[in-house]
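Q: sequence first, then the predicted structure, then my questions.
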Amino acid sequence: MRATQKSTLVLLLASLLLVSACTTITDLQKDVSERVFGKEVTDPPEPLVEIKATASTQILWQAKVGDSGNFEFTPAVEAGYAYVASAEGTLAKLDVIDGKQSWRVNVGEKLTGGVGVGGSLVVVGSQNGAIYAYDTAGKLQWKSKLSSEVLSVPKYFDGMVIVRTGDSRIYGINANDGSRKWVYDRTSPALTLRSSAGVVVDSGAVYAGFAGGKLVAIRADNGKILWEASVAQPKGVTEIERIADITSLPVVDGPLVYAVAYQGRIAAVDRSTGRVVWNRDISSLSGLSAEDARIFVSHAAGSVYALDYTTGKTFWRQGALKNRQLTAPVPMGGLIAVGDLEGNVHFLSREDGAFAARVKTNNSAILPQMTLVNSTTVLAQSRDGGVYAIQVK
């Protein structure tokens, strides 16, 4: 890249980040590319190579829920049903077997986060900071107003709905009536990436990643902080280079919680003390998963890694998906599923990362978090509103 072109990109990215409340990470990347270099993609996705399939795939059913706009939604699965939402305000309940719609409602405003399910509630969040809680029959139970837009999935735990807002607050809300029980608040750096990173709740603790590579654990019953750990330290000369935000969900596995930062590191942190057990350089926007003593992570540049959960040592790396804006990996028995920006879902061998199968949904990007239905079926939602139940054997 020429020096003048690079300088222009840095200045533009700085201006976009300063108004980050108007854009998601995906939209930010696209906006920078188009404004600086025109409509041509600066780093086009790596062409897909022919593969010799060792597994078979099938789209069991597909449905349409509505466009996600610049926001990111995650299907929720519970008791044989999938709950899906869109930026257009739609919330729907689908049978996971055949995709048949049980009900569909419109909340009456633009949605930006969801879907959370638990305690017989189905919960979504809006751009205006409202939380809507429906019962599983599609009847509104309560609505609660928070301080800022809700960009992530609300989580149910022990009679509470725990919600993160775009201004870095986390709320504990009474699941019975929507009243506020507690709020955790923190100061964010002036320059941050706006993301749909939410919270993970496990064994009475809430885990969340923040700007500057910080991972926190707070008590689920009262919002008091238990510990704070540094997953990544900002480095570089410019403010842009020093961004090291955690833009994806932490993953809890046994005594450790794992998190990864953009332009930063992946780290394993002791859940009881907040001590960093190990870390290593890896940058990710969409995140990671853990299963059976291995960590799987999608690198921001497009590689998929399998790491040892005790040391971070690399077992394998699949590098043939460069610049394809991969989703977080989803373990499925002997396979790992990742989606990309062109609507493909790739299945990799858990043992060596080799391609086992691939299926095309449409030409729209798969949203960052796919949802496991069972060991052979995954739900993928595309940016243009398609919902696909994909089976692999």
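A: Sure, I can see it.
Q: which regions of the stretch 151-300 of the chain sit below the pLDDT cut-off?
A: 189-194, 234-243 (pLDDT under 70).
Q: tell me where it has strands.
A: 155-157, 160-164, 170-174, 180-184, 200-202, 205-209, 214-219, 225-230, 251-253, 256-260, 265-270, 276-281, 287-291, 294-298 (DSSP state E, counting those that start in this stretch).
Q: run through who's touching the first one.
A: Looking back up the chat, that one is strand 155-157. By C-beta atoms under 8 Å, 6 or more residues apart in numbering, the residues outside strand 155-157 that reach it are 116-119, 121, 123, 161-163, 175, 198-201, 206, 220. For glycine as for every other residue, the C-beta is placed from the backbone atoms N, C-alpha and C.
Q: just give me the closest of those to residue 150.
A: Comparing the contacts of strand 155-157 against residue 150 with C-beta to C-beta places residue 163 closest, at 6.0 Å.
Q: the closest one touches residue 151, doesn't it?
A: No. Assessed by C-beta atoms under 8 Å, residue 163 is found out of contact with residue 151, at 10.2 Å.
Q: settle it for me: which of these two has more neighbours?
A: Between residue 163 and residue 151, residue 163 has the larger neighbour count (other C-beta atoms under 10 Å), namely 26 against 21.
Q: just list whatever residues bridge to the more buried one.
A: Taking DSSP bridges, one obtains residue 171 as the residues bridged to residue 163.
Q: contacting residues around the residue lying closest to residue 56 once chain neighbours are set aside?
A: Closest residue to residue 56 in three dimensions, ignoring its sequence neighbours and counting by C-beta to C-beta, 6 or more residues apart in numbering: residue 393, at 5.4 Å. Contacts for residue 393 were tallied using C-beta under 8 Å, 6+ apart; they are 55-56, 376.
Q: which ones are touching the closest residue to residue 284 other than its chain neighbours?
A: Nearest in space to residue 284, with sequence neighbours left out and distances taken as C-beta to C-beta, 6+ apart, is residue 260 at 4.4 Å. Contact partners of residue 260, counting by C-beta under 8 Å, 6+ apart, are 231, 246, 248, 266-267, 282-284, 287-288, 297.
Q: show me what residue 260 bridges to in the sheet.
A: residue 266.
Q: tally of neighbours for the residue nearest to residue 106 when sequence neighbours are not counted?
A: The shortest distance from residue 106 to any non-neighbouring residue, by C-beta to C-beta, 6+ apart, is to residue 89 (4.6 Å). Residue 89: 17 surrounding residues under other C-beta under 10 Å.
Q: from what I can see residue 89 touches residue 114, true?
A: No. The criterion here is C-beta under 8 Å, and residue 89 misses it with residue 114 at 11.0 Å.
Q: now for the nearest residue to residue 81 once chain neighbours are set aside: which residues touch it?
A: With C-beta to C-beta, 6+ apart as the criterion, residue 81 has its nearest non-adjacent residue at 5.4 Å, and that residue is residue 93. Residues in contact with residue 93 (C-beta under 8 Å, 6+ apart) are 81-83, 101-104, 122, 136, 138.
Q: for residue 112, see how far away residue 93 is.
A: Computed as C-beta to C-beta, to the nearest Å, the residue 93 to residue 112 distance reads 20 Å.
Q: also residue 64?
A: Distance check for residue 64 against residue 112: by C-beta to C-beta, it reads 19 Å.
Q: ok, the two, which is more surrounded?
A: residue 112 (27 against 14).
Q: now that one: which helix or strand?
A: If you go by DSSP states H and E, residue 112 is part of strand 111-118.
Q: after that strand, next one along is what?
A: Following strand 111-118 in sequence order, the next helix or strand is strand 121-126 (DSSP H and E).
Q: and the residue nearest to residue 110 when sequence neighbours are not counted, its phi and psi?
A: Nearest residue to residue 110, sequence neighbours excluded (C-beta to C-beta, 6+ apart): residue 127, at 4.7 Å. Main-chain dihedrals, residue 127, degrees, to the nearest 10: phi -70, psi -30.
Q: show the contacting residues for residue 127.
A: 109-112, 149.
Q: hmm, back to that, of all the strands of the stretch 151-300 of the chain, which one is nearest residue 352?
A: Nearest to residue 352, of all the strands of the stretch 151-300 of the chain, is strand 294-298, at 12.0 Å by C-beta to C-beta.
Q: that closest one pairs with which strands, and in what direction?
A: If you go by DSSP bridges, strand 294-298 pairs up with strand 287-291 (antiparallel), strand 304-308 (antiparallel).
Q: C-alpha coordinates for that strand, PDB please?
A: Taking C-alpha atoms only, strand 294-298 is exported to PDB below (Å, rounded to 0.1, in the frame of the first residue of the first chain):
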ATOM      1  CA  ARG A 294      -9.200 -27.800  22.200                       C
ATOM      2  CA  ILE A 295      -9.800 -24.100  21.500                       C
ATOM      3  CA  PHE A 296     -11.000 -23.100  18.000                       C
ATOM      4  CA  VAL A 297     -10.600 -19.500  16.900                       C
ATOM      5  CA  SER A 298     -11.300 -17.600  13.700                       C
END
